[in-house]
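Engineer: Provided below for reference: sequence and predicted model.
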Amino acid sequence: MNSDTTFKISTDGPEATINFGKILGALLKGGEVIELAGDLGSGKTTLMKGILLGLGHKGDVPSPTFTISRVYKVRDGLELHHFDFYRIHGVDVVTSELAELLDDPASIVAVEWSSNVGEQALPKERLKVTLEQGMDLSQRSISVKSTSDKFRYVIEGLAK
Ligand code: ADP
Ligand code: MG
């Protein structure tokens, strides 16, 4: 994979992850699909808080772990759909709900634990965000990769 389709950063605490998410969220135009990969506690929901701030959302961002998905009405008439498949395994009703959203240019879809429903639930063209704990307890390495040219503008925006 070409290195300019991936942006990497390391954060030293939750606030820094939120700040990075804010920058990422500000670059979104609608129609993006964001896969959030990383172990439990790696910071996926924390990053979502930042992404939602960058989209103009002011309220809480509870983890959707017990609700499967949450919808936020954000700036420019966009909706962000936050899914969490931590407790879901291959449930068709959820994947079809997801499928309907994927072609909607006014929706942004962000998914935690998509591996539980299978790779095929997500389109090939997506932003894959991977979070990993670093050497330090409060350190996270975050990589954002556009799996095709489709969302390359996000990577370019982050690199600026
Ligand atoms: P996930 O959704 O991946 O399970 P959460 O975002 O819910 O993870 O939780 C991440 C936890 O790690 C929070 O308790 C947060 O305070 C803590 N944390 C420590 N350092 C960081 C960091 N650099 N970035 C994000 N979260 C961090
Ligand atoms: Mg989470």
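Structural biologist: Yep, that arrived. Numbering: from 1, shown residues only. Ligands and ions are numbered 1, 2, ... in the order given.
Engineer: low-confidence ranges, this structure, go.
Structural biologist: The chain contains residues with pLDDT under 70 at 1-3, 65-66.
Engineer: ok and the residue in it nearest ligand 2?
Structural biologist: Using C-beta to the ion, the closest approach of the chain to ligand 2 is made by Thr45 at 3.4 Å. Bear in mind the C-beta positions are built from the backbone N, C-alpha and C, glycine included.
Engineer: does any bit of the lengthiest helix in the chain sit next to ligand 2?
Structural biologist: Longest helix in the chain by number of residues (criterion: DSSP state H): helix 14-26. No: counting by C-beta under 5 Å from the ion, ligand 2 has no neighbours in helix 14-26; the shortest distance is 12.3 Å.
Engineer: name the strands paired with the helix or strand following that helix and say parallel or antiparallel.
Structural biologist: Where DSSP states H and E defines the elements, the next helix or strand beyond helix 14-26 is strand 33-37. The strands beside strand 33-37 in its sheet (DSSP bridges) come out as strand 107-112 (parallel), strand 127-133 (parallel).
Engineer: apart from its chain neighbours, what residue comes closest to Pro105?
Structural biologist: Nearest residue to Pro105 in three dimensions, chain neighbours excluded: Gly31, at 4.3 Å (C-beta to C-beta, 6 or more residues apart in numbering).
Engineer: apologies, that question was intended for Asp76.
Structural biologist: The shortest distance from Asp76 to any non-neighbouring residue, by C-beta to C-beta, 6+ apart, is to Gly30 (7.2 Å).
Engineer: which residues are in contact with that neighbour?
Structural biologist: Asp76, Leu78, Pro105, Ala106, Ser107, Ile108 (C-beta atoms under 8 Å, 6 or more residues apart in numbering).
Engineer: that's all I had, so thanks and see you.
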